[in-house]
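Can you look at this prediction? I've put the sequence above it.
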Amino acid sequence: MSARPLLLAALVAALSCACRMRAPEPEGAAPAVEAGWNVCESALGTWVVRWRSEPERLEFGAPARLVVEAHRLDGLAADELRADAGMPQHGHGVLRRMQVEDLGQGRFAVENVYLHMPGAWRVYLDVGRAGVFERVELELEVD
C-alpha cells in the first residue's frame with residue numbers, strides 16, 4: 001500500500017469521534033444536558049454537536065429522524081452536514097439513503113434514518129463549514 005492511502009486512513013481516524021447515547025440521569029441528579037439531547041465534541045475539538053433522535057428510542061425497521069445542531073467552539077455554525085450509517089460488526093451500511101435538510105443557523109434534520117437490524121449502529125456525521133469537514137460518529141443501539 002502506498003503512503004497516500006495510509007495517510008488518508010490515518011487522517012480519517014484522527015478526525016473521528018465516537019459518541020454514545022446517554023442513559024437517563026438518575027432521579028434527583030442534575031441533568032448534564034437538556035433532556036433528550038446528547039452532546040459530542042469532535043476529535044480535534046473544532047465542533048460541538050448536540051443531537052437527539054425522534055423517536056427517542058430507536059427500533060429496527062422503523063424510520064426515525066435525527067435533529068442535529070453543530071457549532072464551532074468560536075461560535076460559527078456549520079453550513080453543511082452529511083450523514084450515513086453502518087453496522088461495523090456486520091460490515092454493511094443502511095438500505096436507504098438518508099436526506100439532510102438544512103434548517104439554518106447550524107441546525108439540520110436528518111430524515112429517513114432507517115436502521116433495518118437490531119444491534120450496534122454507527123451514524124457518521126460529517127460536519128462542515130466553507131467546504132472543510134470533520135467527522136463525528138454516533139454509537140446507537142437499536143432494539
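Structure's in. What do you need?

residue ranges with poor pLDDT in this structure?
Along the chain, segments meeting pLDDT under 70 span 1-33.

Please enumerate the helices of it.
3-14 (DSSP state H).

Which residue ranges of the chain form strands?
Applying DSSP state E to the chain gives strands spanning 18-20, 38-41, 47-54, 64-72, 80-87, 92-93, 99-104, 107-113, 119-129, 132-142.

With mean neighbour count as added columns, please give those in JSON lines.
Where you see a C-beta, it was placed from the backbone N, CA and C, and this is true even at glycine. Formatted as JSON lines, the strands of the chain follow (neighbours: other C-beta atoms under 10 Å):
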{"stretch": "strand 18-20", "mean neighbour count": "15"}
{"stretch": "strand 38-41", "mean neighbour count": "17"}
{"stretch": "strand 47-54", "mean neighbour count": "19"}
{"stretch": "strand 64-72", "mean neighbour count": "20"}
{"stretch": "strand 80-87", "mean neighbour count": "18"}
{"stretch": "strand 92-93", "mean neighbour count": "12"}
{"stretch": "strand 99-104", "mean neighbour count": "12"}
{"stretch": "strand 107-113", "mean neighbour count": "19"}
{"stretch": "strand 119-129", "mean neighbour count": "20"}
{"stretch": "strand 132-142", "mean neighbour count": "18"}
